[in-house]
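Enquirer: fold the stuff below for me.
(one chain, ligands or ions: 1)
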Amino acid sequence: MAKTYAIAIDGPAGAGKSTIAKRLAKELGFQYVDTGAIYRTVAYFLDLLGISPKDVDGVERYIDELNVEIRYDEDGAQHMIMNGMDVSKDIRTQDISQKASLVSAHAVVREALLDMQRNVAKNYNVIMDGRDIGTVVLPKADVKIFLTASAEVRAKRRTDELIAKGQTAVFETVLKEIEQRDYQDTHRPIAPLKMAKDSVKLDTSELDIDGVVAAMRKIIAEKIEL
Ligand code: DC
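Expert: Numbers count the residues shown, from 1 in each chain. Model prediction:
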């Protein structure tokens, strides 16, 4: 089988991972994999059943009833399929962001999703974004980048993004939610958000999208012949 390349992008909520990774994937002809969407699908499924994301027994009991699939449309956009239903849009709320962060702390959930993420990387050149891609999912990734920005900058970007989508968002509330998610994602015992030793850190606080893409292309070009 031909060698496939993997670029792992980790970092906190709102650092710009998905916007940047999507664009780079298009430019490089790689498959973009948004792993946060998988955790969001689990959170959405449990939410529909009325199971609290903190309820260990409930999560363990119902996780097997869920079949999650990732599909790509002709434009390369990722769709999340929950027991046959496309829930890609339903999982993009602040409520589900928060619940996904809590659900993702359970060992049973992380184990259930691990192979699925690794299998995509076996078959395609991927740019995969998440929290534990460089540390756990693809520890041998060819390139690892840790994208970050101050909590205020991330909250501002997220607020603008939600408003642009027609949702109501207040900066102070979004900032509190981001800080809470940062805490949860970095303090969980299993696969917490942390920088891999061989990862390159990129702070995007002072950069626009073009600036981040250019910086990332430089980091990637040092490791992969494009
Ligand atoms: O990237 P996102 O905001 O869509 O992710 C939602 C939540 O899912 C995030 O707060 C933590 C969890 N997550 C994770 O634990 N591991 C990943 N690789 C990706 C996301």
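
Enquirer: ranges for the helices of this protein?
Expert: 17-28, 36-48, 56-62, 94-103, 107-123, 151-164, 171-187, 209-223 (DSSP state H).

Enquirer: deepest of those, which one?
Expert: Comparing these by mean neighbour count (mean count of other Cβ atoms under 10 Å), helix 36-48 ranks first with a mean of 22. From N, CA and C alone the C-beta is placed, and that goes for glycine too.

Enquirer: now do it: distance to the chain's middle.
Expert: The chain centre lies 13 Å from the centre of helix 36-48; the measure is Cα atoms, centre = their mean, to the nearest Å.

Enquirer: rounded mean pLDDT for it, please.
Expert: Taken as a whole, helix 36-48 carries a mean pLDDT of 98.

Enquirer: and for that helix, what's in contact with it?
Expert: Around helix 36-48, the neighbours that count as contacts under Cβ atoms under 8 Å, 6 or more residues apart in numbering are 18, 52-53, 58-59, 62-63, 66, 68, 70, 78, 80, 82-83, 87-88, 90-92, 95-97, 99-104, 109, 113, 116-117, 129-131.

Enquirer: which residues sit in contact with residue 184?
Expert: 101, 102, 105.

Enquirer: residue 74: neighbour count?
Expert: A count of neighbours around residue 74, defined by other Cβ atoms under 10 Å, yields 5.

Enquirer: ok, residue 193 next?
Expert: Residue 193 has 22 neighbours, counted by other Cβ under 10 Å.

Enquirer: right, and it touches residue 187 too?
Expert: No - the criterion here is Cβ atoms under 8 Å, and residue 193 misses it with residue 187 at 9.1 Å.

Enquirer: nearest residue to residue 220 other than its sequence neighbours?
Expert: residue 143 (5.2 Å; Cβ to Cβ, 6 or more residues apart in numbering).

Enquirer: what is that neighbour paired to in the beta sheet?
Expert: Bridge pairing for residue 143 (DSSP bridges) gives the partners residue 7.

Enquirer: could you measure from it over to residue 30?
Expert: Computed as Cβ to Cβ, to the nearest Å, the residue 143 to residue 30 distance reads 11 Å.

Enquirer: kind regards, and thank you for your time.
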